[in-house]
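Chemist: Predicted model and sequence follow; I will ask about them next.
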Amino acid sequence: MTFLADVARWFLDPASWQGSGGVPARVLEHLSLSVWPVALAAAIALPLGVTLGHRHRGAFFAISVANVGRALPSFAVLVVGVPVSIKLGLGLSYWPAFAALFLLAIPPMLTNAYTGVREVDPGTVESSRGMGFTEGQVLRKIEIPLALPVIITGIRVSAVQVVATATLAALIGGGGLGRYIIDGLATRDLVQVFAGALLVAVLSVITEGFFSLMERFFVSPGIGRRAEFADISQIPKGF
Amino acid sequence: MILAQTTEPFIRWNWVWSHLDMIWGRTVQHLALTGIALGVGFLISIVLSMIALRYRRTYAPITWVTGVLYSIPSLALFVMLIPLTGLSVTTAEIGLVSYTLLIFIRNIVAGIDGVPQEVREAALGMGYTRRRMLLEIELPIALPVVIAGIRIATVTTVGLVTITALIGLGGLGQLILDGLNRLFTTPLIVGSVLSVVLALLLDGVLVLVERALTPWARRKATIG
Amino acid sequence: MRTKRRTGVFGAILVAFAIVATSCGSGGGATTIKVGSTNFTEQEILGEIYAQALEANGFTVERRFNLGARDIVEPALESGEIDLYAEYAGTVLEYLNNGAGEASGDAAATVDTLRQRFADRGVTVLDYAPAVDANALVVTQETAAKYGLTKISDLASIAGDLVFGGPPECPKRPFCLIGFQDTYGLNFKEFKPLDTGGPITVAALENGEIDVGLLFSSDGAIAAKNFVVLQDDRHLQPADNIVPVVRTAVNSQELDDVVNAVSAKITTSELSQMNKLVNIDKEDASTVAHDWLAANGFISG
């Protein structure tokens, strides 16, 4: 019980919230580490998945990406990024982590974009074609809106996974909330480790909630399917 | 500014050949750590799932606790266990097992819940006891969903085992860590590639196991 | 009926298993020593040297390397998870006494005090080696030329413009950041936690992410990259001779004799050379240790 009291004291200490090592700074670092890989992955995976789903092509590719994606240990990808970054003359505190998180973010979004569009009721799609819709219109006005719950779920799973795994960046000198865990490990300061873990968990839950809200806003109420809230076992665990 | 180490090739094959023994040893260690986690995790999950199925109201708290465990960053969990269980396989396994629980439990319960009500009623009508029904009807029907969960847990665990290298264990993770400590890409690549291969291999084996255990699914597919 | 028979068979298998397991449990007559190390390559080399020397003298050795930082490994020694590992006299003394300032540049005096401190914890301190590995404040040739740096006190006026990088535990260590602040008055613009004197710190120095880095004085990279080690003109670093520490409970005269004989022969330049072979030439720590032991007559071949 005194351990939890120590953790509480850590959070209540104003020093924990100030400076470049304080909670706000680390949270911002963590978010910056997380947002860009997800954004770039979305820019690539979503159009690709949607197009493949629309054309009913590349099923094997989409499933394989999902499988291999889960099989890639984030720790390995991160560490592989180190010699590559050094060779390319890039800084170590951001780019290896970015690469690892980018690769991690792609599979859920690609697979869900593909499946979401592909599973849109073929009858609806056909009748829209019959009404004279161009392929582009079919995609934009029928398939994507109907697939939106599944697509947003994919983004959500991706984002939460990235936020949880961005903790790894600290392993190779990067920042973010993982710093509390790594620095705590190096000085056997378990209170700091626990505080860091807690903050990561809270940030993941907030990310989860944010995208659930997004879904509520962007998905037309007429569409019945709502992806299940907070099924975190769907979220691959990288770290 | 192109830095030093440009003379270091991506893979030194002669290092790989001369270290095959060590690489194999690490692979076996990796498999052992994975296997123990999956085995123990599955046993615990079966018990918890049976409880959740029997006493429905326990399902939410069970998923909540295992969910919280699942979201703890693995290194943090290992580090916090060190004062309790030391720098041992036990520490790593407690962590690894925890991460499998949520996946297994959700899939076991979903699988059994997925058994059609008519089948249950027919079985009851034929005089099956609850226990026999579970073992001979429900579990076989739930098998595909359960195995799907085992596949996910397996691939996840293989990846997480690499992180135990940071507390002196880790199987293939040790190769990755060595690659980091010495900026030596060969063990780094070997360790990483083997982790992925191992995960995909085990996944493939489980797909085959599923096919072997559910011959009726294939028969139905070929008839229909 | 069928279930009863199945339970019977299952039970019999369990009992058989238990019998086999317990009989395989107890080891032979040889003493098993668990040799540990912290998480950088020099430690692995030293661990291998002592491990192989012990094995050549009839001990069974279990290797537990790369366990983590001192904060993890020293408690593991006290709790018996490992039996022996190589320490650095001055630094570990200050670690044990919470920075009381007992360590000095005098190796013999430092080790004597260390013996007393460790004795309370059930640990015996063996003979120290001539080899020294202390914290080294390092800059690139360019930085040294730009600011005219040869010694650490040269940094005093410009530290506020410089970024310093080192191991994550550095800010809490008396011979690291704390010492640099207290003894030299250095208040760096920023501290970046990187790795334990490893390639990440080296890379950060090279690509300018940090201006000053903490490496270890026996690191082969210093010579290989032509870094400039700033002279410790105010003698902050204590005598950080390599000194093996062993759990008193498993210690024996035989073990002491083997280990002390080996320690006596480890010099700083040889240690640096071994570091270079492992880190830069990518040889195995076990091979390098073996070759060194053979060259010094501790093992054959």
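Modeler: Looks like it came in fine. Numbering: from 1, shown residues only, chains lettered A, B, ... in the order given.
Chemist: contacts, neighbours, all on C-alpha from now
Modeler: Fine.
Chemist: Next, the contact list for the nearest residue to residue A:106 once chain neighbours are set aside, please.
Modeler: Spatially, and ignoring its direct neighbours in sequence, residue A:106 is nearest to residue A:41 (5.3 Å; CA to CA, 6 or more residues apart in numbering or on different chains). By CA atoms under 8 Å, 6 or more residues apart in numbering or on different chains, the residues touching residue A:41 are A:102-103, A:105-106.
Chemist: how distant is the strand or helix carrying residue A:41 from the center of its chain?
Modeler: Residue A:41 is part of helix A:23-55 when elements are defined by DSSP states H and E. With CA atoms, centre = their mean, to the nearest Å as the basis, helix A:23-55 stands 7 Å off its chain's centre.
Chemist: So for that helix, mean pLDDT?
Modeler: Confidence over helix A:23-55 (mean pLDDT, whole number) is 94.
Chemist: ok, back up a step: can you put the contacts of residue A:41 in JSON lines and add distance to residue B:176?
Modeler: Putting those into JSON lines (distance: CA to CA, whole Å) gives the following:
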{"residue": "A:102", "distance to residue B:176": "20"}
{"residue": "A:103", "distance to residue B:176": "18"}
{"residue": "A:105", "distance to residue B:176": "22"}
{"residue": "A:106", "distance to residue B:176": "23"}
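Chemist: low-confidence ranges in the chain?
Modeler: Because you didn't say which chain, this covers chain A. Applying pLDDT under 70 to chain A picks out residues A:223-232.
Chemist: that's the other chain; I wanted chain C
Modeler: C:1-30, C:301.
Chemist: Mind telling me which residue of it is nearest chain B?
Modeler: residue C:67 (4.3 Å; CA to the nearest CA).
Chemist: Setting aside sequence neighbours, what's the nearest residue to that residue?
Modeler: residue B:168 (4.3 Å).
Chemist: In contact with that neighbour, which residues?
Modeler: Contacts for residue B:168 (CA under 8 Å, 6+ apart) come out as B:87, B:174, C:64-68.
Chemist: Filter these down to just the ones in strands.
Modeler: Judged by DSSP state E, strands contain the following of the contacts of residue B:168: residue C:64.
Chemist: Quick one: check the helix or strand containing residue A:149 for contact with chain B.
Modeler: Per DSSP H and E: residue A:149 is located in helix A:144-165. Yes - residues of helix A:144-165 contacting chain B under CA under 8 Å from any CA of the partner chain: A:164-165.
Chemist: So which elements touch that helix?
Modeler: If you count contacts as 3 or more CA pairs under 8 Å, 6 or more residues apart in numbering or on different chains; DSSP states H and E, helix A:144-165 packs onto helix A:23-55, helix A:95-118, helix A:190-218.
Chemist: helix or strand right after that helix?
Modeler: Following helix A:144-165 in sequence order, the next helix or strand is helix A:178-186 (DSSP H and E).
Chemist: And the residue nearest the centre of chain A?
Modeler: Centroid-nearest residue in chain A, with CA atoms, centre = their mean: residue A:159, separated by 2.0 Å.
Chemist: I figured that one was touching residue A:37, is that so?
Modeler: No - taking CA atoms under 8 Å as the definition, residue A:159 is not a contact partner of residue A:37, at 9.2 Å.
Chemist: so what's residue 236 up against?
Modeler: Since you didn't name a chain, this refers to chain A. By CA under 8 Å, 6+ apart, the neighbours of residue A:236 are A:70, A:157, A:161, B:156.
Chemist: that answer is for a different chain, and I need it for chain C
Modeler: Shown in contact with residue C:236 (CA under 8 Å, 6+ apart): C:175, C:179-180, C:183.
Chemist: Return a ChimeraX selection command for the buried portion of the contacts of residue B:168.
Modeler: Those of the contacts of residue B:168 that count as buried under 16 or more other CA atoms under 10 Å in any protein chain shown are selected in ChimeraX with:
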select /B:87,174 /C:64,65,66,67,68
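Chemist: Rebuild the contacts of residue B:168 as a markdown table, extending it with distance to residue A:189.
Modeler: Shown next, in a markdown table, are those (distance: CA to CA, whole Å):
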| residue | distance to residue A:189 |
| --- | --- |
| B:87 | 16 |
| B:174 | 24 |
| C:64 | 22 |
| C:65 | 22 |
| C:66 | 19 |
| C:67 | 16 |
| C:68 | 13 |
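Chemist: Excluding sequence neighbours, find me the nearest residue to residue 29.
Modeler: Unless you meant another one, I'm taking chain A. residue A:176 (4.7 Å).
Chemist: Can you look at chain B instead?
Modeler: Nearest to residue B:29 is residue B:171, by CA to CA, 6+ apart, at 4.9 Å.
Chemist: Quick one: classify residue C:164 as helix, strand or coil.
Modeler: With DSSP: H, G, I helix; E, B strand; the rest coil as the basis, residue C:164 sits in strand.
Chemist: How about the one 10 residues further on?
Modeler: Here residue C:174 is coil, with the state taken from three-state DSSP.
Chemist: Which residues are in contact with the nearest residue to residue A:51 once chain neighbours are set aside?
Modeler: Leaving aside its sequence neighbours, residue A:51 sits nearest to residue A:114 (CA to CA, 6+ apart; 7.6 Å). By CA under 8 Å, 6+ apart, the contact list for residue A:114 reads A:48-54, A:62.
Chemist: Report the separation between the residue lying closest to residue B:85 once chain neighbours are set aside and residue B:97.
Modeler: Leaving aside its chain neighbours, residue B:85 sits nearest to residue B:91 (5.6 Å; criterion: CA to CA, 6+ apart). Distance check for residue B:91 against residue B:97: by CA to CA, to the nearest Å, it reads 10 Å.
Chemist: For those two, indicate the residue with more neighbours.
Modeler: Using other CA atoms under 10 Å in any protein chain shown as the criterion, residue B:91 and residue B:97 rank with residue B:97 on top: 24 against 21.
Chemist: Quick one, grab the pLDDT at the more buried one.
Modeler: The confidence metric pLDDT takes the value 96 at residue B:97.
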